[in-house]
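S.K.: need coordinates for the below:
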Amino acid sequence: MTQTLVEKAGEQFAQSVREASRVTSAVADAVTDGVGAAKRAAKQGGDAAEEFVQDTTRRIERNPIATVAVTLVVGFGAGILTGMCMRRR
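M.R.: Predicted coordinates:
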């Protein structure tokens, strides 16, 4: 009887170790997949930002006067809004 009890306990322990190994592998795979997804997202974001900068540079080179005018209007607008917000306090 004691031999059977010890054997059952050993089998249960071995099963628990196998399950823990499977869970550890699954978690490691999930982490690896998450890191890969984050790297891809960062690369895509960097590529999009670089493309935006290049597109903006081309637009400024094509229409420098319009760019200066729009920048001036946006700056004045931001200044007016900031001034209005400061007065309300």
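
S.K.: gap between the helix or strand hosting Met86 and the chain center?
M.R.: According to DSSP states H and E, Met86 maps onto helix 64-88. Centroid displacement of helix 64-88 relative to its chain, using CA atoms, centre = their mean, to the nearest Å, is 32 Å.

S.K.: swap in stretch 49-61?
M.R.: With CA atoms, centre = their mean as the basis, stretch 49-61 stands 24 Å off its chain's centre.

S.K.: what do you get for stretch 14-34?
M.R.: In terms of CA atoms, centre = their mean, the centre of stretch 14-34 is found 25 Å from the chain centre.

S.K.: what do you get for stretch 51-71?
M.R.: Here the centre of stretch 51-71 is set off from its chain's centre by 29 Å, with CA atoms, centre = their mean.

S.K.: measure Ala48 to Ala38 for me?
M.R.: Distance of Ala48 to Ala38, computed by CB to CB, to the nearest Å: 16 Å. Every C-beta, even on glycine, is put in place using the N, C-alpha and C of the backbone.

S.K.: remind me, longest helix of the protein?
M.R.: Determined from DSSP state H, the single longest helix within the chain is helix 2-62.

S.K.: ok, back up a step: state the mean pLDDT of the helix holding Met86.
M.R.: In this model, helix 64-88 has a mean pLDDT of 93.

S.K.: give me the angle between that helix and helix 2-62.
M.R.: 120 degrees (axes from the mean of the first three to the mean of the last three CA atoms, to 10 degrees).

S.K.: what does helix 64-88 contact?
M.R.: Helix 64-88 has contacts (CB atoms under 8 Å, 6 or more residues apart in numbering) with 59-60.

S.K.: report pLDDT for the residue most central in space within the chain.
M.R.: In the chain, the centroid-proximal residue (CA atoms, centre = their mean) is Ala38; its distance is 5.5 Å. Ala38 is assigned 93 on the pLDDT scale.

S.K.: over to the one 5 residues further on?
M.R.: The per-residue pLDDT reported for Lys43 equals 94.

S.K.: separation between it and Ala30?
M.R.: Lys43 is 21 Å from Ala30, where distance means CB to CB.

S.K.: dump stretch 46-57 to CSV, keeping only the CA atoms.
M.R.: Output in CSV follows, covering the C-alpha atoms of stretch 46-57 (Å, rounded to 0.1, in the frame of the first residue of the first chain):
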residue,chain,number,x,y,z
GLY,A,46,9.0,55.3,-37.3
ASP,A,47,8.5,54.7,-41.1
ALA,A,48,5.2,56.7,-41.0
ALA,A,49,6.9,59.6,-39.1
GLU,A,50,9.8,59.6,-41.6
GLU,A,51,7.4,59.6,-44.5
PHE,A,52,5.4,62.5,-42.9
VAL,A,53,8.6,64.6,-42.5
GLN,A,54,9.7,63.9,-46.1
ASP,A,55,6.2,64.9,-47.4
THR,A,56,6.2,68.0,-45.3
THR,A,57,9.6,69.0,-46.5
